[in-house]
Each structure stands twice: as structure tokens, then as C-alpha cells.
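K.L.:
Sequence first, then the predicted structure:
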Amino acid sequence: MCLELCNSGCIRDLATTNHQAHRNAALIAIIFNSRTIMASLWPRRLRDKIWPEPLPPLGSFNGKTVLVTGATAGLGLAAAIHFVRFGAVVIITSRSKEQGQTAKNTIETLTGTIGQGKVHIMQLDMNTYRSCVDFVEELKKSKVCRAGLDVAVLNAGLINIDFQKSPQGWEQTIQINTLSTTLLGLLLLDWMTIGERSDALARHLVFVTSRDHLLPDISNWEGYSVDGGILEHFNNESHWPQGSLDPNYCESKLMVTYAIEKMCEKVAKADGGVPVIVNKVCPGLVYSDIGRSISKISWTMKLFVAFYLSTLGKSTDYGSRLYLSAARTLPHEHGKFLVSLYTDDEYEKLAEPNLKSETALRVRELVWGEILDELKAHVPSLREIRYL
Ligand SMILES: NC(=O)c1ccc[n+]([C@@H]2O[C@H](COP(=O)([O-])OP(=O)(O)OC[C@H]3O[C@@H](n4cnc5c(N)ncnc54)[C@H](OP(=O)(O)O)[C@@H]3O)[C@@H](O)[C@H]2O)c1
């Protein structure tokens, strides 16, 4: 989200300003800086706020089983509501039983499906690999997945302005947005790729990333790789950008994008067919609770986040519509990044430095190697994955 804020030079100033007074001054500069206004994506954001993605035809997900992670709030909750409305049986994940039950009640009430067995709750805390592995094992055994999973939307993610480590020893943003999301993707792909299906019944794996993967400057990343590792660089508290509005967020989304691209390559068959269609999605700027950590900085920030998101951000209903589109892509769209802010041509050009350039391709291999080493060291069953 704010990461979406970080689009301008001013916001970057804000993001790297330590002192509270400087941070507030930077904030005022953002609001009045005409360069920011001219060069920003504001007109497109306003367009997206007014004209949403079209919804699919009624019954599009009839008979389908759909998983949405992080569906207790925000985009995940809104996506679950859409999927149920369009006919799916939905599995939502939650860290706490109470939050999961509240989300289930909300979905059933809003879709008029109380007591119809359309919504199932499962526990998942992406702070640990154990929880991710247990979750996928339980999913495979669950009655609701007897016929397998048709769509998995890996939506859970966070921004954390405080440097906090997961029990695995990784800074939380890297842990959740990059490492655990990749782990879930690998485990789900291994299961979902079993058995052939026609194109009409194709399975989908959707990763919720962000356009913010375009923002990091990767020119030093090869250096980080020889100097202890790229992941370790971002896991080092002395490199933590104090005062940033979204520390490690853009980097975590870029690193998971590298992993997703590698997974897309690995599952594609030699004849071009794909057993599971994999896509990445950016919902755009959405008025959700993702800024909760930023709002804690000060009352000015709380006001600013609320004002910015409510003015320019889409509703979670509109933002999550892109998830439905991603869950209906065709095999030739395997690997595509779905984003409403850019045309395909614009995105191709913007993606050059971080995803297409020679440096980017080398960095991608390095990041992928580091992620796999970390995951294989802690999740031995990954060594048996067929397509790795
Ligand atoms: N909002 C935007 O403008 C925007 C823009 C681009 C991309 N995105 C992406 O969209 C996704 C959803 O964001 P949102 O805006 O809906 O944020 P949100 O309102 O904060 O919801 C995030 C969800 O992720 C869950 N989650 C957080 N940490 C978790 C963990 N350790 N294990 C399992 N689940 C966890 C949360 O569960 P709890 O309630 O238990 O914390 C919550 O259900 C994220 O991946 C985000 O990066 C958002």
C-alpha cells in the first residue's frame, strides 16, 4: 500500500527520515510537492477507485474449492466473499480461532450461506515453517479437498515498521512475504500438479505480490550475495532503514517475485503445457488494514494513512476482484503479472531493471538459490518435490 506511497522522491525522503519532526515535515512536502502530483499514479488510482475490474459471470466458481490465505481481514476477506458469491467452497486461513470464526460469520452472512458448509477455517501462522507444512498436510487430508484444490490464493502479507524476528530467525517481512509464501507455493504446487486436467478445469495458484517489486535498486545485490547473502543483508538489523514507512516490504515482494518466476519455469512442461496456471497479482492501492503498523508511528501518520488510503485507495471489494481474474486465467497467461495500474507494454518496460536485465537475471538466480537453501535446510520434505 504505502509502498505504493513510496512512489515519489518525497516519500523516499520520508521513508529514510529518522526524526519525528523531519518525518512530519517530509509528510507535508509530499502533500504539496507538485512534481509528486504530476509524476504520480494518482489519476490511474482514481480511475481504478471509480471503475472496478469487471466481475466474472455468475456461477464462475461453482463446484470449485478455493483457498485464500490471510482472509481474516482486508483483501483476503473480500476475496473470500467474492469466491463464495460466485459459487465456490472456500477455505480461509487465520492465525487465531476467534478471528477465523468472525471472518467465517461475516462471509456467510454477507453471501447468505449460513450453515451451508461453504466456508471452512484452517489455522496458519506463516511465522514458522512448521505451521506452513502442517497446514498443507492438513489441507491434503481434509474432506473439503477430497477432489483436490482448484484455486489457491496466497494473499497473506504484511508491512512492519519495527524490526522483529520470526521464530525462524528472519525479519518478519522477509519471513512472511518471501520465505513462507515461497514455501507454501512449493508445497501446494507439488500437490496441485498431480493428475492431468483439461484447460477448462485448470488449477490456479495466485500469488499476491505488489507493484512495489519494481522499486528496489538491485545494483548492489550481487555484492550482498558474496558478503554473507542477499537475504542475510536484509535480515541484518544494522541495515534496517529506521524511519522507513515500509522497511523490507518492496525487497520482500521483489524476492518472492523472483521465486515465483522460478516456480513458473519449473512447472511448465517441455511442450508448453502447464499442470497449474501460476500468476502474480497486484491489487493496487487498497484501503485495508495493511497500514496498521505505520499508523502506530504518530497520530499525524494515522491521519495521513487514513486520509491517503480513503482518498486514493480502492475498496477491498474492488481490489480483490483482480484475484478472481487471476483465478480464471488461461494457460497462455501462465506467469503473467496482473496489475490494473499499467498496460502490459508499460509493465514490460518498467520491469526491465529488476526482472529482465542481465543483472536482474543473475540476481534472480542468487536469490532463488538462497531461498531454496534456507527452505531445504528446515523443511526436509522439500527435497522430494518432483519439479525442483
Ligand atoms: N492494501 C494494499 O494497498 C496492497 C497493495 C499491494 C499489495 N497488497 C498485498 O495484499 C495482501 C493483503 O493485504 P491487505 O491489504 O489485505 O492487508 P491486511 O488487511 O493487513 O490483511 C493481511 C492478512 O494477512 C494475514 N497475516 C499477516 N501476518 C500473517 C502471518 N504471520 N501468518 C498468516 N497470516 C498473516 C493477516 O492476518 P492477521 O489478522 O492474523 O494479522 C490478514 O488476514 C498482502 O500480501 C499485501 O502485501 C496490498
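P.N.:
Structure's in. What do you need? Numbers count the residues shown, from 1 in each chain.
K.L.:
which ones are touching Thr181?
P.N.:
The contact partners of Thr181, by CB atoms under 8 Å, 6 or more residues apart in numbering, come to Met126, Leu154, Ala156, Gly157, Phe207, Val256, Ala259. (Each C-beta comes from the backbone N, C-alpha and C, glycine too.)
K.L.:
What about those, which are in helices?
P.N.:
Residues of the contacts of Thr181 located in helices (DSSP state H): Val256, Ala259.
K.L.:
ok, so what distance separates His334 from Leu214?
P.N.:
Distance of His334 to Leu214, given as CB to CB, to the nearest Å: 21 Å.
K.L.:
Same question for Ser131.
P.N.:
Look at Ser131 and Leu214: by CB to CB, they are 31 Å apart.
K.L.:
So if I had to pick from these two, which one is more boxed in?
P.N.:
Taking neighbours as other CB atoms under 10 Å, Ser131 and Leu214 compare with Leu214 leading, 21 against 17.
K.L.:
Need the nearest residue in space to that one, chain neighbours excluded.
P.N.:
Excluding its sequence neighbours, the residue lying closest to Leu214 (CB to CB, 6 or more residues apart in numbering) is Leu350, at 5.2 Å.
K.L.:
Measure how buried that neighbour is and give me the count.
P.N.:
The burial count for Leu350: 17, using other CB under 10 Å.
K.L.:
from memory it sits against Leu215, does it?
P.N.:
No. Here Leu350 lies out of contact with Leu215, judged by CB atoms under 8 Å, at a distance of 10.0 Å.
K.L.:
how about the contacts of Thr181, which pair is most distant?
P.N.:
Ala156 and Ala259 (15.5 Å; CB to CB).
K.L.:
coming back round to it: the contacts of Thr181: which ones sit near the ligand?
P.N.:
Restricting the contacts of Thr181 to those within reach of the ligand (CB under 6 Å from any ligand atom) leaves Met126, Ala156, Gly157.
K.L.:
Please name the residues that touch the first one.
P.N.:
Counting by CB under 8 Å, 6+ apart, Met126 makes contact with Thr69, Cys132, Ala156, Gln175, Ile176, Ser180, Thr181, Leu184.
K.L.:
Report the separation between the second one and Gly195.
P.N.:
Per CB to CB, Cys132 is found 23 Å from Gly195.
K.L.:
okay, these two: which has more neighbours?
P.N.:
Neighbour totals were compared for Cys132 and Gly195, and Cys132 leads with 25 against 8 (other CB under 10 Å).
K.L.:
quick one: that one and Met122 touch, right?
P.N.:
No. Cys132 is beyond contact range of Met122, at 11.7 Å (criterion: CB under 8 Å).
K.L.:
Leaving out chain neighbours, which residue sits closest to Val367?
P.N.:
Closest to Val367 by CB to CB, 6+ apart is Tyr258, at 4.6 Å.
K.L.:
same deal with Phe337?
P.N.:
Nearest to Phe337 is Lys280, by CB to CB, 6+ apart, at 4.6 Å.
K.L.:
follow-up on the earlier one: quickly name whichever of the contacts of Thr181 is closest to Tyr287.
P.N.:
Taking CB to CB as the measure, Tyr287 lies nearest Gly157 of these, at 16.0 Å.
K.L.:
Return the distance of stretch 129-136 from the chain's centre.
P.N.:
Offset of stretch 129-136 from its chain centre (CA atoms, centre = their mean, to the nearest Å): 18 Å.
K.L.:
what sits up against it?
P.N.:
Residues contacting stretch 129-136 (CB under 8 Å, 6+ apart): 93, 122-126, 168, 179-180, 183-184, 187-188, 191, 375, 378-379, 381.
K.L.:
helix, strand or coil for Gly228?
P.N.:
Following DSSP: H, G, I helix; E, B strand; the rest coil, Gly228 is assigned to coil.
K.L.:
hang on, I meant Ile277
P.N.:
strand.
K.L.:
Residue numbers of the stretch 251-388 of the chain in contact with the ligand?
P.N.:
Proximity of the stretch 251-388 of the chain to the ligand (CB under 6 Å from any ligand atom) is limited to residues Cys282, Pro283, Leu285, Val286, Ser288, Asp289, Ile290.
K.L.:
how about a cut-off of 8 Å?
P.N.:
253, 282-292, 309, 313, 316, 319 (CB under 8 Å from any ligand atom).
K.L.:
who wins for neighbours among these?
P.N.:
Neighbour tally across these (other CB under 10 Å): the maximum, 31 neighbours, falls on Pro283.
K.L.:
Please report phi then psi for that residue.
P.N.:
Main-chain dihedrals, Pro283, degrees, to the nearest 10: phi -70, psi -10.
K.L.:
which residue packs closest to it, ignoring adjacent ones?
P.N.:
Here the residue nearest Pro283, using CB to CB, 6+ apart, is Gly319, at 3.7 Å.
K.L.:
Could you list which residues are in contact with that neighbour?
P.N.:
So Gly319 contacts Leu75, Ala78, Pro283, Gly284, Val286, Ser288 (CB under 8 Å, 6+ apart).
K.L.:
Is Gly66 inside a helix or a strand, and which specific one?
P.N.:
Let me fix one detail, which is that residue 66 is Val and not Gly. In this structure, Val66 is located in strand 65-68 according to DSSP states H and E.
K.L.:
Can you show me the CA trace of that strand as CSV?
P.N.:
C-alpha atoms of strand 65-68 as CSV (Å, rounded to 0.1, in the frame of the first residue of the first chain):
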residue,chain,number,x,y,z
THR,A,65,-12.7,-25.4,-4.0
VAL,A,66,-10.7,-22.2,-3.3
LEU,A,67,-8.1,-21.5,-0.7
VAL,A,68,-7.4,-17.9,0.5
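K.L.:
Tell me the residues of the stretch 101-250 of the chain that contact the ligand?
P.N.:
103, 124-127, 131, 155-159, 166, 172, 175-177, 180, 208-212, 249.
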